[in-house]
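Colleague: predicted model and sequence follow; I will ask about them next.
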Amino acid sequence: MRHRWSILFILLVAASILSVKLFTEASEDPPEEYKVPAEYPPHELGEHVKLGRAIVEQTNVHPLSKDYVGNSLTCSSCHLKAGTDPHAATFIGAAAAYPAWSPREKRVITLEDRVLNCFMRSQNGKRPPLGSKVSTAITAYITWLSMGHMINMNHLKPLGPNHVKPLDIKTDLANSERGAILYTDKCADCHGEEGNGTEEGPPVWGAQSYNAGAGMSQNAKLAAWLKVAMPMDNTGLTDQESLDIAAYINSHERPVFVLEEHLPGADGLGSYGW
């Protein structure tokens, strides 16, 4: 009898271990709305999508995009893991929201417009030509990440279905002095005590960071992003901590934004001969 109970106990333990393993593996599988397509498209389109990912990851140094970038940031500086991170400004599903109404531009914009505007603001550079290889490659990559998502053009803002949600906290509660302490404790190892970046993280203020026209220069938007994205792979900031750090980061100088200085000349507005 004792031998039978021993065998039964061993079987129960083994079943429990297997259940935990299966549950863990299942929990690591992202929800359907955050899944990356299993395969690239065939032929030249697939190569173009791959090129788009390379530019997203290496924007400031890639031969095709570096001349349009005015700082040390890449697209992946904000859109983590080349835009595949399910929480931090993911590209997954984003293309389904376009064309979209843009309150900032006061007009309907395309996905291509949205991408090129980031070069002017977040990357403090020049707007690449419409139809250029840089432009079409990045938008092809984002569109590939949106395969399977139902088109639902956004009539309110140029935001995709998985955009970072705003925090439920008033921005006037921000305290940059508390933010300075939190920054030293939680951010400086990767982004530098002076905010000038390290090998682990990009600059968060100064000449090599985003300019004053970027969305991240607004405390509310930066705080919402910090809440879901930082510290990387170990998120856990409270709403108040996120807001305080955002206020501290944005209390420092960064490049001003003058739209005319970031627009291409008449010969660079569109390109079909790349």
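Modeller: Structure received. Residues are numbered from 1 along each chain as shown.
Colleague: nearest residue to the most centrally placed residue in the chain in space, please, no chain neighbours.
Modeller: Compute the mean C-alpha point of the chain, and by C-alpha atoms, centre = their mean the closest residue is His79, 1.6 Å away. Among residues not flanking His79 along the chain, Ala89 sits closest, at 4.8 Å (C-beta to C-beta, 6 or more residues apart in numbering). Quick note: C-beta positions are derived from backbone N, CA and C, even for glycine.
Colleague: before we move on, the earlier item: gap between the residue nearest to the centre of the chain and Pro86?
Modeller: Per C-beta to C-beta, to the nearest Å, His79 is found 12 Å from Pro86.
Colleague: ok, Pro255 next?
Modeller: Counting by C-beta to C-beta, the gap from Pro255 to Pro86 is 31 Å.
Colleague: more neighbours: which of these two?
Modeller: Applying other C-beta atoms under 10 Å to Pro255 and Pro86 shows that Pro255 carries more neighbours, namely 21 against 16.
Colleague: element containing that one, please.
Modeller: Following DSSP states H and E, there is no helix or strand that holds Pro255.
Colleague: how about it, phi and psi?
Modeller: Per-residue torsions, Pro255: phi -60, psi 140 (degrees, to the nearest 10).
Colleague: how about it, what does it touch?
Modeller: Neighbouring residues of Pro255 by C-beta atoms under 8 Å, 6 or more residues apart in numbering: 70-71, 124, 207, 209, 211-212.
Colleague: if I look at it, what pLDDT would I see?
Modeller: Looking at Pro255, its pLDDT is 98.
Colleague: how close does it get to Lys66?
Modeller: 17 Å.
Colleague: next up, the contacts around the residue nearest to His79.
Modeller: Applying C-beta under 8 Å, 6+ apart to Ala89 gives the contacts 78-80, 83, 163-164, 225, 229.
Colleague: switch these over to CSV; also include secondary structure and distance to Val56.
Modeller: What follows is the contacts of Ala89, written out as CSV (DSSP: H, G, I helix; E, B strand; the rest coil; distance: C-beta to C-beta, whole Å):
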residue, secondary structure, distance to Val56
Cys78, coil, 11
His79, coil, 7
Leu80, helix, 11
Gly83, helix, 6
His163, coil, 17
Val164, coil, 17
Trp225, helix, 17
Ala229, helix, 16
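Colleague: which one (most neighbours) among those?
Modeller: Gly83 (24 neighbours).
Colleague: go ahead and confirm that one touches Thr74.
Modeller: No. Contact criterion C-beta atoms under 8 Å: Gly83 and Thr74 do not qualify, at 10.9 Å.
Colleague: who touches both of those two?
Modeller: Residues touching both Gly83 and Thr74 (C-beta under 8 Å, 6+ apart) are Val56.
Colleague: what about the closest residue to Gly52 other than its chain neighbours, how many residues nearby?
Modeller: Residue nearest to Gly52 in three dimensions, not counting chain neighbours: Tyr141, with 2.8 Å by C-beta to C-beta, 6+ apart. Using other C-beta under 10 Å, Tyr141 has 26 neighbouring residues.
Colleague: could you do Pro42 as well?
Modeller: The number of residues near Pro42, taken as other C-beta under 10 Å, comes to 8.
Colleague: distance-wise, check it relative to Ser217.
Modeller: With C-beta to C-beta as the criterion, Pro42 and Ser217 are 41 Å apart.
Colleague: hmm, back to that, so who does the residue nearest to the centre of the chain touch?
Modeller: In this structure, His79 makes contact with 56, 85, 88-91, judged by C-beta under 8 Å, 6+ apart.
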